[in-house]
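Colleague: Would you be able to build a 3D model of this:
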Amino acid sequence: MPMVVTAGIITRGGRILICQRQKGSWGEYRWEFPGGKVEDGEAPAESLRRELREELSIEPEIGPLLCRLAHRYPDREVELHVFHVPDYTGALRNRQFASIRWVRREELFQFDFLEADRPVIEALVREGLVQEDG
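Modeller: Next up, the predicted model:
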């Protein structure tokens, strides 16, 4: 049974927020979009809202589901639900990651992302999955 996880494409000023996993975590030092595991009885959008509150201290506006995909890692299978987060309130604070960065979509290929995120990056860069917000 796949692990259901969420990711948020947080956009601001024409940039996208990316996060680097901590040392000692699964996929340490790899980059990802913020999000996390969906808990039992939780809807994916609500899971993402909870995770972004916990990880980044923000109150996110959860936009549309952009895509859903499955990926099999050697030790696990994930079902990834990716949402656009066009806005948020609160002061963004890194509470969980080794590093966070705002990058332009064309810069995404320069980072070592988790494999499940790579099709999302392709769609963001080549297909304009999320429209620029400025």
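Colleague: Not counting sequence-adjacent ones, nearest residue to the residue at minimal distance from the centre of the chain?
Modeller: Ranked by distance to the mean C-alpha position of the chain (CA atoms, centre = their mean), the top residue is Phe33 at 2.4 Å. If you skip the residues right next to it in sequence, Phe33 has Ala7 as its closest partner in space, 4.0 Å away by CB to CB, 6 or more residues apart in numbering. In short, each C-beta sits where N, CA and C put it, glycine included.
Colleague: Could you check how far Phe109 is from Leu124?
Modeller: Distance, Phe109 to Leu124, using CB to CB, to the nearest Å: 10 Å.
Colleague: Neighbour count: the two, which is higher?
Modeller: Leu124 (21 against 11; other CB atoms under 10 Å).
Colleague: Can you tell me the closest non-neighbouring residue to the more buried one?
Modeller: With CB to CB, 6+ apart as the criterion, Leu124 has its nearest non-adjacent residue at 5.1 Å, and that residue is Arg105.
Colleague: The one you found contacts Ala123, correct?
Modeller: No: distance between Arg105 and Ala123: 10.2 Å, which falls outside the contact criterion (CB atoms under 8 Å).
Colleague: What separation do you get for Val103 and Gly24?
Modeller: 24 Å.
Colleague: Tell me which of the two has more neighbours.
Modeller: Shown here are Val103 and Gly24; by other CB under 10 Å, Val103 has more neighbours (14 against 8).
Colleague: Roughly how far does that one sit from Arg53?
Modeller: Distance of Val103 to Arg53, computed by CB to CB: 23 Å.
Colleague: quick revisit: pop out the phi and psi values for the residue nearest to the centre of the chain.
Modeller: With angles defined as degrees, to the nearest 10, Phe33 shows backbone torsions of phi -90, psi 140.
Colleague: picking that back up, for the residue nearest to Leu124, give its distance to Gly14.
Modeller: Counting by CB to CB, the gap from Arg105 to Gly14 is 8 Å.
Colleague: So which of these two has more stuff around it?
Modeller: Neighbours per residue, other CB under 10 Å: of Arg105 and Gly14, the larger number sits with Arg105, 19 against 11.
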